[in-house]
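In: below: sequence and its predicted model.
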Amino acid sequence: MSGLRARTPGGVRVFLALDFENLREARAELRRLGGARCGVKVGLELFTAAGPAAVKGFRKDGWRVFLDLKLHDIPRTIERAAAAAAALGADLLTVHAAAGPDGVAAAVAGVKATRTRILAVTVLTSQGGDVGAEAERRAREAVGAGAHGLICSVDEASRIRRAVGPGALIVTPGIRFAEGAVHDQKRVATPDRAGREGSDAMVLGRAVFGAPDPTVALRKAQKLFNMGLKS
Ligand code: C5P
């Protein structure tokens with residue numbers, strides 16, 4: 001797997017999920033992390049609370065920003081929302097693959113000629129069961145519709161990599177340390193397994209911010225991921 005890595009924005013391998021109530025709290029949590037080379041993920045909670053200022057502010061501070069809005073609507077609405085996200089300077093934006101090929105294509109059209117790349121969410125990592133075939137089907141369809149990459153669990157990453165080839169970005173949430181709590185996630189995996197299975201970048205939320213020392217947890221996750229990449 002090691003040779004088949006897609007280029008991530010800024011080459012970062014970690015996006016920190018800023019699932020916090022407001023920008024002040026998100027910034028305070030980020031300050032606890034010493035000099036980490038990673039990007040940030042602004043999701044539904046922070047974007048609903050803080051709005052465009054969240055994306056613009058982190059971009060201005062030099063972070064790569066993954067805007068995780070998981071768009072799922074009629075194509076015209078998706079296209080216009082994607083164009084608005086691109087205007088904010090988001091590096092990555094999510095659309096639900098379940099919005100269908102027309103929905104994914106609309107998101108791609110909305111960000112055309114901008115820096116923003118579209119990732120299609122295959123199946124949420126909080127959903128359990130045998131979702132491999134469905135995740136692969138949605139991944140193929142989304143990439144066929146022009147998606148630049150995919151969000152999937154580590155469980156499906158290598159299968160999806162084989163299905164869509166080396167060019168698509170594969171980003172995996174649901175990351176936990178072997179000894180850590182799982183929370184509401186179902187399909188979780190360790191950082192080293194994420195690296196081994198063909199993930200280009202991980203999303204890290206509670207595994208880092210819920211740790212007694214987030215800096216130590218982040219470094220450990222990065223080290224394990226890199227070990228996985230090389231194995
Ligand atoms: O804290 P934790 O590591 O579980 O956070 C995972 C983050 O990734 C959350 O912000 C969640 O919304 C997001 N995500 C996910 N599963 C997906 C897509 C995004 O958990 N399929």
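Out: Nice, thanks for sending it over.

In: in space, what's closest to the residue in the chain that the ligand sits nearest to - neighbours in sequence excluded?
Out: Among the residues of the chain, Gly205 lies closest to the ligand, at 2.4 Å counting by CB to the nearest ligand atom. The way it works is simple: take the backbone N, C-alpha and C, and place the C-beta from them, glycine included. Leaving aside its chain neighbours, Gly205 sits nearest to Ala17 (3.4 Å; criterion: CB to CB, 6 or more residues apart in numbering).

In: pretty sure the one you found contacts Gly210?
Out: No: counting by CB atoms under 8 Å, Ala17 stays clear of Gly210, with 11.0 Å between them.

In: these two: which has the busier surroundings?
Out: Just comparing Ala17 and Gly210: by other CB atoms under 10 Å the higher neighbour count belongs to Ala17, 22 against 12.

In: Val143: neighbouring residues, count only.
Out: 22.

In: separation between it and Val65?
Out: Going from Val143 to Val65 by CB to CB, to the nearest Å gives 23 Å.

In: contact residues of the chain facing the ligand?
Out: By CB under 6 Å from any ligand atom, the residues of the chain that approach the ligand are 17, 19, 43, 68, 121, 124-125, 151, 173-175, 183, 185, 203-207.

In: nearest residue to His96 in space, please, no chain neighbours.
Out: His72 (3.9 Å).

In: name the residues that touch the longest strand belonging to the chain?
Out: Ranked by residue count, the top strand of the chain under DSSP state E comes out as strand 65-71. With contact meaning CB atoms under 8 Å, 6 or more residues apart in numbering, strand 65-71 is reached by 15, 17, 39-44, 47, 55, 58-59, 78, 81-82, 85, 88-96, 99, 103, 107, 121, 171, 203.

In: many thanks, I have nothing further to ask.
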